[in-house]
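In: coordinates for the following, if possible.
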Amino acid sequence: MMTREEAIKSLQNIVEYWTYKPTEVEAAKMAISALRPVSREPLEKFKEYFDDLYGKGLEVYGWHMNGEAKSFDDFYEDACEYAGL
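Out: Reported below is the predicted structural model:
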């Protein structure tokens, strides 16, 4: 079993290690923050905006780069299919 003095020295070594290794501390903080859930609200609002344009007879020009229009509904459906929605 570790003596009290050995335990204190071990803790001091740990504190000293982390004190002199700020990059590891920052990396740990970044890793923890990356695990936090991301809000989907902006993405949901974005999709809602384009959902509201669907079915209104809009056309997208310049998509085919030949001057012909593409129906917005087709354009939107292709984008949703590509995104797996």
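In: please look at Trp63 and Tyr76 and confirm they touch.
Out: No - here Trp63 does not reach Tyr76: they are 11.7 Å apart, not a contact under Cβ atoms under 8 Å. Just so you know, the C-beta spots here come from the backbone N, C-alpha and C atoms, and that holds for glycine as well.
In: between the two, tell me which one has more neighbours.
Out: Taking neighbours as other Cβ atoms under 10 Å, Trp63 and Tyr76 compare with Tyr76 leading, 18 against 14.
In: distance of that one from Lys29?
Out: Remark: distance between Tyr76 and Lys29 (Cβ to Cβ, to the nearest Å) = 40 Å.
In: same check, this time on Glu44
Out: Applying Cβ to Cβ to Glu44 and Lys29 gives a distance of 29 Å.
In: for Ser10, same thing?
Out: 24 Å.
In: just Gly62 next, same as before
Out: Counting by Cβ to Cβ - Gly62 and Lys29 are separated by 45 Å.
In: just Tyr82 next, same as before
Out: 35 Å.
In: same check on Glu81?
Out: Distance of Glu81 to Lys29, given as Cβ to Cβ: 39 Å.
In: now do Asp78
Out: 41 Å.
In: cool, Glu48 as well?
Out: Taking Cβ to Cβ, one finds Glu48 at 34 Å from Lys29.
In: also Cys80?
Out: Counting by Cβ to Cβ - Cys80 and Lys29 are separated by 37 Å.
In: and if you look at Ala83?
Out: 32 Å.
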